[in-house]
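Peer 1: Sequence first, then the predicted structure:
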Amino acid sequence: MENGTFLGLTSLQTLDLDGNDITKIRSGAFRGLSSLKSIDLSNKEIQNIESGAFIGLTSLESLDLSRNKITTMENGTFLGLTSLQTLDLDGNDITKIRSDVFRGLSSLKSIDLSNKEINNIESGAFIGLASLESLDLSRNKITNMENATFLGLTSLKKLDLSNKEINNIESDTFIGLISLESLDLSRNKITNMDNATFLGLTSLKKLDLSNKEINNIESDTFIGLTSLAYLDLSRNKITNMENATFLGLTSLKKLDLSNKEINNIESGAFIGLTSLAYLDLSRNKITNMDNATFLGLTSLKKLLCNKPSKRSIDKQFYVLDPTKSSETFNGLQILMKCTFSSGNEALYKVSG
């Protein structure tokens, strides 16, 4: 596409170039389209976008460049797109996100960078995107998340880092994400997390850590996540739930620990989860639970777990009768339903 291709079309608002075999967009190609609000350049053969290619598109709100063959984005690629709100770069061959590549996109609310070959994000890559609310980096080849990777994204609410090769998250990786509400780290290769992994995520409500290689959760890992309502740790390799593992999660309502290798739950493992209403411990290898296993779960309404053997726990566990001798469920005053993975189900309601 040459400079000035669309000169004179000053009232045009939507441009769909579907079905064209464009391979390169030259600087100034869209000059004169001052009223344009949407461009669809998806499913093409675009390999190269010159700096200043979108200059003059001051009204543009949506730009779709998905499923092309773009390999690099230089500084100045998106220069002048001051009204842009949605940018779709899904399914290209980009390997690196350069520092300042998105500078000037002050109105941008959503970026899709999924299904790519990205293996490196330079420090400061997202600087200037103060309005961004959603960032999708799923299905890439990033292995390490560096300190302050997302610095400047103060309005970000949703971050998808799933289906990657991530095996390490440095301390303070998520620093500055004060508005983040949803973080998806599922299906990666992370094995361990420390107490600075999620530092500063005070607005986080949903955290997905499922389908990972996690075998250890350090004490205080979740400290500071005071708004977290949903935590998915299913399908990992954790074998032991230590005392006070979830300390600080006072707003947590749903916790999924299913499909794991858990064989032991220490007394007080769930201490502090005063708002928890749903707990899934099904499809694990738990052989023993004592009378402090569920200590502090005063709001729990539904519990899913394996059917234990008669050797591992008092037989009264099956009927969940609080008047009998078993103290395993002491403190669960409002538990209404317990479902065993074998298909057996029991209802529990404290009288009086």
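Peer 2: Sure, I can see it. In this text, all values refer to a predicted model and were calculated from it rather than measured experimentally.
Peer 1: CA atoms for contacts and neighbours, from now on please.
Peer 2: Will do.
Peer 1: any idea how far the residue nearest the centre of the chain is from Leu161?
Peer 2: Centroid-nearest residue in the chain, with Cα atoms, centre = their mean: Asp184, separated by 1.7 Å. For Asp184, the distance to Leu161 equals 6 Å [Cα to Cα, to the nearest Å].
Peer 1: residues near Ile25, how many?
Peer 2: 20 (other Cα atoms under 10 Å).
Peer 1: Identify the bridge partners of it.
Peer 2: Ile49 (DSSP bridges).
Peer 1: so what's Gly176 up against?
Peer 2: Ala148, Phe150, Leu151, Gly152, Leu153, Thr154, Gly200 (Cα atoms under 8 Å, 6 or more residues apart in numbering).
Peer 1: top of these by neighbour count?
Peer 2: Ranking the contacts of Gly176 using other Cα under 10 Å puts Leu153 first, with 25 neighbours.
Peer 1: what about that residue, which SS state?
Peer 2: Assigned with DSSP: H, G, I helix; E, B strand; the rest coil, Leu153 falls in the coil class.
Peer 1: rewinding a little: looking at it, the residue nearest to the centre of the chain is touching Asn163, isn't it?
Peer 2: No: counting by Cα atoms under 8 Å, Asp184 does not reach Asn163; the two are 9.4 Å apart.
Peer 1: pretty sure Ile118 is in contact with Asn92, am I right?
Peer 2: No: here Ile118 does not reach Asn92: they are 9.3 Å apart, not a contact under Cα under 8 Å.
Peer 1: number of nearby residues for Leu41?
Peer 2: 22.
Peer 1: confidence score at the residue nearest to the centre of the chain?
Peer 2: Note on Asp184: pLDDT of 97.
Peer 1: likewise Met73?
Peer 2: pLDDT, read off for Met73, is 89.
Peer 1: Just list the residues touching it, thanks.
Peer 2: Ile49, Ile94, Ile97, Arg98, Val101.
Peer 1: Please tell me how far it sits from Ile121.
Peer 2: Met73 is 12 Å from Ile121, by Cα to Cα.
Peer 1: cool, Asp194 as well?
Peer 2: Distance from Asp194 to Ile121, by Cα to Cα: 22 Å.
Peer 1: got it, and Glu165?
Peer 2: For Glu165, the distance to Ile121 - Cα to Cα - is 14 Å.
Peer 1: What is the burial count for the closest residue to Leu81 other than its chain neighbours?
Peer 2: Nearest non-adjacent residue to Leu81, counting by Cα to Cα, 6 or more residues apart in numbering: Thr58, 5.6 Å away. Using other Cα under 10 Å, Thr58 has 18 other residues around it.
Peer 1: what secondary structure does Thr58 sit in?
Peer 2: coil.
Peer 1: Now do the phi/psi pair for it.
Peer 2: phi -70, psi -10 (degrees, to the nearest 10).
Peer 1: Asn236 too?
Peer 2: Torsion angles, degrees, to the nearest 10, at Asn236: phi -120, psi -170.
Peer 1: For it, which residues are in contact?
Peer 2: Here Asn236 is in contact with Ser210, Asn211, Lys212, Glu213, Ile214, Asn215, Asn259, Lys260, Glu261 (Cα under 8 Å, 6+ apart).
Peer 1: Just put those residues in a markdown table and tack on pLDDT, distance to Asp172 and secondary structure.
Peer 2: Formatted as a markdown table, the contacts of Asn236 follow (pLDDT from 0 to 100; distance: Cα to Cα, whole Å; DSSP: H, G, I helix; E, B strand; the rest coil):
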| residue | pLDDT | distance to Asp172 | secondary structure |
| --- | --- | --- | --- |
| Ser210 | 94 | 21 | coil |
| Asn211 | 86 | 23 | coil |
| Lys212 | 75 | 20 | coil |
| Glu213 | 84 | 21 | coil |
| Ile214 | 88 | 19 | coil |
| Asn215 | 86 | 21 | coil |
| Asn259 | 87 | 29 | coil |
| Lys260 | 78 | 28 | coil |
| Glu261 | 86 | 29 | coil |
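Peer 1: Buried members of those residues into PyMOL, please.
Peer 2: Buried members of the contacts of Asn236, defined by 16 or more other Cα atoms under 10 Å, are picked up in PyMOL with:
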select buried, resi 210+211+212+213+214+215+259+260+261
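Peer 1: I'd like the contacts of Asn236 written out as JSON lines, with distance to Phe270 added.
Peer 2: Output for those, formatted as JSON lines (distance: Cα to Cα, whole Å):
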{"residue": "Ser210", "distance to Phe270": "19"}
{"residue": "Asn211", "distance to Phe270": "22"}
{"residue": "Lys212", "distance to Phe270": "21"}
{"residue": "Glu213", "distance to Phe270": "22"}
{"residue": "Ile214", "distance to Phe270": "19"}
{"residue": "Asn215", "distance to Phe270": "18"}
{"residue": "Asn259", "distance to Phe270": "18"}
{"residue": "Lys260", "distance to Phe270": "17"}
{"residue": "Glu261", "distance to Phe270": "18"}
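Peer 1: What is the nearest of the contacts of Asn236 to Tyr230?
Peer 2: Tyr230 has its nearest neighbour among the contacts of Asn236 in Ser210, at 12.1 Å by Cα to Cα.
Peer 1: Against Ile70, how distant is that closest one?
Peer 2: Using Cα to Cα, we find Ser210 at a distance of 31 Å from Ile70.
Peer 1: wouldn't Leu185 be in contact with Glu165 here?
Peer 2: No: under the criterion of Cα under 8 Å, Leu185 makes no contact with Glu165, lying 10.5 Å away.
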